[in-house]
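Enquirer: Sequence and predicted structure are below.
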Amino acid sequence: MLCLSVPISCLGSPTSQLSPVGLLLQLESIPYSSSQLCQQWNRRTWTTWSQCLQPPLGSGQSSLEGVFGDTVKSVPVMEGDSVTLHTDTQLQADEDIKWLFGPNTFLIAEIINGTVSFSTHDISEGFRDRLKLDNSTGSLTITKIRNTDAGVYELSGRNVPKFNISVYARLPVPVISRDSPLNLSSSSSASTCVLLCSVVNVSAVRLSWYKGNSLLSSISVSGHRISHFLQLDCLNGSYSCVVAYSFTNRTTHLTNPELCQVCPNSLIMLISAAAAGFLLFLVVAIGIFWICRKSRKAHEEGKRYLLFIHL
């Protein structure tokens with residue numbers, strides 16, 4: 001017996017205009033109520049309409065559950081990296097499985113009678129020497145990911161989700177430079193410091209400025225060359241620029257103090273910290289010198305005492 005909760009908003013009511021789900025149920029002659037749907041029907045597996053779109057699963061993965069129960073995990077991968085499609089199960093000793101790829105579900109790998117083999121089909125040739133199949137779990141590993149590897153992967157005969165691999169270009173290293181404040185606005189002062197964070201050949205990335213761990217500003221962009229500016233009067237702390245996909249990022253820290261002048265208060269604190277460090281070093285050095293001198297003096301006195309006893 002299959003019992004599924006179906007929201008009223010999905011079904012409508014028998015006397016009002018039916019929603020798409022309610023109409024579909026009516027066409028299939030399936031009885032329903034506003035609170036619960038119970039029907040013994042093995043041809044299809046119904047899912048709760050209100051839960052069709054699942055929240056992110058973490059690590060860049062998300063799940064989309066269709067009306068008829070097909071669950072697809074989204075798997076973002078950087079070009080050139082490796083990825084493993086985990087089945088999270090153990091295969092039975094006599095169990096056969098097949099991995100299928102693409103809209104036409106081409107066979108790319110299989111385990112038959114405990115033997116692992118890979119297809120020689122034209123589509124599968126693109127995976128040559130880049131597939132690994134775990135004969136105990138059935139998990140599939142793809143190495144040196146290419147753009148052509150993007151698509152849906154399905155494990156036939158097992159109750160596991162499909163995997164939709166998306167391939168992303170590798171993130172470039174952000175470059176921090178200084179721009180003229182006059183390029184920003186005519187009202188900007190000549191003493192204003194304008195920092196530019198630039199990246200090239202990116203698509204669907206987020207470019208952000210941080211001060212320490214605090215986000216200052218952020219933009220979502222695509223393009224051949226993009227820049228995100230940060231306007232400062234002076235440097236007061238540590239700054240960094242981050243370019244990111246939803247699942248990974250690259251960071252460049254501002255290490256060149258010549259790009260912007262340091263704020264007076266920060267400069268005083270920097271000098272004070274340097275002075276304190278030097279003073280600490282001096283105290284430690286004097287302490288070590290005093291200990292060594294005292295040890296040497298004690299050693300010389302000991303030698304004199306031994307000489308006196310010998311005489």
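Expert: Thanks, I have it.

Enquirer: Just give me the neighbour total for residue 228.
Expert: Using other CB atoms under 10 Å, residue 228 has 20 neighbouring residues. Heads up, the C-betas are built off the backbone N, CA and C, glycines and all.

Enquirer: Regarding it, what is its secondary structure?
Expert: Assigned by DSSP: H, G, I helix; E, B strand; the rest coil, the conformation of residue 228 is strand.

Enquirer: low-scoring stretches of the stretch 101-250 of the chain, by residue?
Expert: Along the stretch 101-250 of the chain, the parts satisfying pLDDT under 70 run over 181-191.

Enquirer: Could I get the full set of strands for it?
Expert: 106-112, 115-118, 131-133, 140-142, 151-156, 162-168, 175-179, 193-211, 214-232, 239-244, 249-253 (DSSP state E, counting those that start in this stretch).

Enquirer: can you tell me which residues contact residue 138?
Expert: Taking CB atoms under 8 Å, 6 or more residues apart in numbering, we find residue 138 in contact with 87, 89, 91, 97, 111, 155, 158.

Enquirer: need the contact list for residue 264.
Expert: Neighbour list for residue 264: residue 234 [criterion: CB under 8 Å, 6+ apart].

Enquirer: roughly how far apart are it and residue 233?
Expert: Per CB to CB, to the nearest Å, residue 264 is found 11 Å from residue 233.

Enquirer: before we move on, what about residue 117?
Expert: Shown here: residue 117 relative to residue 233, a distance of 67 Å by CB to CB.

Enquirer: With residue 141 instead?
Expert: Relative to residue 233, residue 141 is positioned 52 Å away (CB to CB).

Enquirer: domains of this structure?
Expert: Residue ranges for each domain of the chain read 1-51, 53-168, 175-259, 273-311, as given by automatic domain parsing.

Enquirer: For the first one, what does the pLDDT average out to?
Expert: Right, the one you point to is domain 1-51. Domain 1-51 comes out with an average pLDDT of 36.

Enquirer: The last one too?
Expert: Confidence over domain 273-311 (mean pLDDT, whole number) is 71.

Enquirer: So residue 110 sits against residue 91, correct?
Expert: No. Assessed by CB atoms under 8 Å, residue 110 is found out of contact with residue 91, at 12.0 Å.

Enquirer: Name the residues contacting each of the two.
Expert: Contacts common to residue 110 and residue 91, judged by CB under 8 Å, 6+ apart, are residue 97.

Enquirer: Many thanks, have a good one.
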